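S.K.: pasting a predicted model and its sequence here:
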Amino acid sequence: MKHFVYAGALFVVVLATNAWASTQEDANRFMDDLLGQRLRIETLRYQLDGMPLDDFKFKIKKELELGILPTHRDIKANFTNGMLLGLTSLRRRSGCNPTAYVQNSIVLLCPIDLSNVVEAKYTSFVKGFNVIGQVKEIEVKVKVIDTFINFEIQEEQNQRPSVKTFHIDKLRTLVEMPDIGFNEERQAKFKEEIDKNVHPLIFNAITGKLLEAFNSALRQDGVKLPVV
């Protein structure tokens, strides 16, 4: 009798483990379909293949030797044709949490990875990299690195799913540009100014239009969270 009870308990544990794994697989499949198919249907409406970003410009004042003689020219840079790319290539960060009931709603939690996929691209016209005042046209990229979205979907009874949580703890970026003759210090200042201007534009695009696109994708016909 003792042996029979132990075997039965073991059988129940195995079933429970398999059910849990299956639920996570269902959650993963749901997210892969959302990112790989449903979101792409919204590409044209929300410009996900090249979301326009605002133009900007800045000026870095020349340095003075002993506070009197200028050692460089002022750096002046204009940035145009800005686009945010990579929003149709998003992937989940890892395995999703299985769906669960929370206050009579089904929820699914699955972080979305932005790293090395999303980037802003600009055309820049730069003056001040040499003493004769030439203007050079360059391409500048600001890549998103080591960043993910805390992403949670909620489905209330008899309602369409919608995004419940959409939060970025910290947006990390890396500026890439060709060498145009700045010394190390001026190059660092130039990149810092680029990042300072582009960083909020990327953040606003992701938490604005991209979030709207996700909610629109979740309203498409046939979209339902996996059963708990």
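M.R.: Here it is on my side, so go on. Numbering: from 1, shown residues only.
S.K.: a strand runs through Val142, doesn't it?
M.R.: Yes. Checked against DSSP: H, G, I helix; E, B strand; the rest coil, Val142 lies within a strand.
S.K.: right, and it touches Ile202 too?
M.R.: Yes. Using C-beta atoms under 8 Å, Val142 makes contact with Ile202 at a distance of 6.9 Å. The C-beta positions use only the backbone N, C-alpha and C, and glycine is treated the same way.
S.K.: by mean pLDDT, which helix or strand of the chain comes out lowest?
M.R.: Every helix and strand in the chain was compared by mean pLDDT, DSSP states H and E; the lowest is strand 69-70, with a mean of 50.
S.K.: which SSE is immediately downstream of it?
M.R.: strand 75-85 (DSSP states H and E).
S.K.: distance check, the residue nearest to His167 when sequence neighbours are not counted against Leu114.
M.R.: Closest residue in space to His167, ignoring its immediate chain neighbours: Asn150 at 4.4 Å, by C-beta to C-beta, 6 or more residues apart in numbering. Relative to Leu114, Asn150 is positioned 12 Å away (C-beta to C-beta, to the nearest Å).
S.K.: do the same with Val228
M.R.: Using C-beta to C-beta, we find Val228 at a distance of 28 Å from Leu114.
S.K.: for the protein, what spans make up the strands?
M.R.: 51-53, 56-60, 64-65, 69-70, 75-85, 91-92, 100-102, 105-109, 112-113, 119-127, 135-145, 148-156, 162-168, 172-176 (DSSP state E).
S.K.: got a pLDDT number for Tyr46?
M.R.: Per-residue confidence (pLDDT) for Tyr46: 97.
S.K.: surely it meets Ser216?
M.R.: Yes. Between Tyr46 and Ser216 a contact is recorded at 7.4 Å, counting by C-beta under 8 Å.
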